Structures are given as C-alpha cells and as structure tokens.
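Visitor: Give me coordinates for this.
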Amino acid sequence: MANATDVVSAIRELTSTKQLERGELIDLLKDGLHAALVKRYGPNVRAEIGIDEMKGSIRIVVLKTRRNHRGSGDPGLARGSAVRGS
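Guide: Numbers count the residues shown, from 1 in each chain. Below you'll find the model as predicted:
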C-alpha cells in the first residue's frame, strides 16, 4: 500500500507527464477518496479531504452526525475519525 508521500509524488509525476493541471488532478483524487468514503459510510457521509503537497500528507476527517441522549439526530456535526498519511 502506498503512503501519502508516494501519492503526492505520483501527483507531481502525473502533472508533468500527462496533460492534466495539478488542481484538476487533485480534485479527481479527492473525488475518488470521497467515493470510497461513500462506499464505506453510506451516501450521506460528509468529509473534509486535504492534500498538502509541501508536507507530503493527505488528511481525511469524516464528519458524523451527533446524537442526543434519546437517540434522535442533532443537526450539529461532531468531528469523527481522522486518517493521516505521512
């Protein structure tokens, strides 16, 4: 399995060899990561996905709906699990 540094290096290589702009490629990568999150957590998943090329890291924070003590959904969002690559 590739680590985040490998992925960021691959982004740099693809932008230099293919006719894709860096921003477009990063957006495609974010879309792919979001699709994987939808598969795992369902169609209503909300997440923050950040790619820091300078640090060579990818940060994913899944936002989960907070529940009150009776089990009904609270419109507020609580931070969920974070996945960090380095």
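
Visitor: from here on, contacts and neighbour counts on C-alpha atoms
Guide: Noted.

Visitor: mind listing the helices in the protein by residue range?
Guide: 4-17, 22-41 (DSSP state H).

Visitor: any idea how far the first one is from the chain center?
Guide: Averaged C-alpha coordinates place helix 4-17 at 16 Å from its chain's average position (CA atoms, centre = their mean, to the nearest Å).

Visitor: please begin residue numbering at 12 from this point
Guide: Taking 12 as the first residue, the last one we looked at is helix 15-28.

Visitor: Would you mind pulling up the elements that it packs against?
Guide: Helices and strands touching helix 15-28, by 3 or more CA pairs under 8 Å, 6 or more residues apart in numbering; DSSP states H and E, are helix 33-52, strand 68-78.

Visitor: Compute the number of surrounding residues for Val49.
Guide: Neighbourhood size, Val49 [other CA atoms under 10 Å]: 15.

Visitor: Spit out the contact partners of the residue nearest to it when sequence neighbours are not counted.
Guide: Computed as CA to CA, 6 or more residues apart in numbering, the closest residue to Val49 that is not its neighbour in sequence is Val56, at 6.0 Å. Val56 makes contact with 48-49, 73-75, according to CA atoms under 8 Å, 6 or more residues apart in numbering.

Visitor: again with Ala58
Guide: Residues in contact with Ala58 (CA under 8 Å, 6+ apart) are 45, 71-74.

Visitor: what do you get for Val19?
Guide: The contact partners of Val19, by CA under 8 Å, 6+ apart, come to 64, 67-68.
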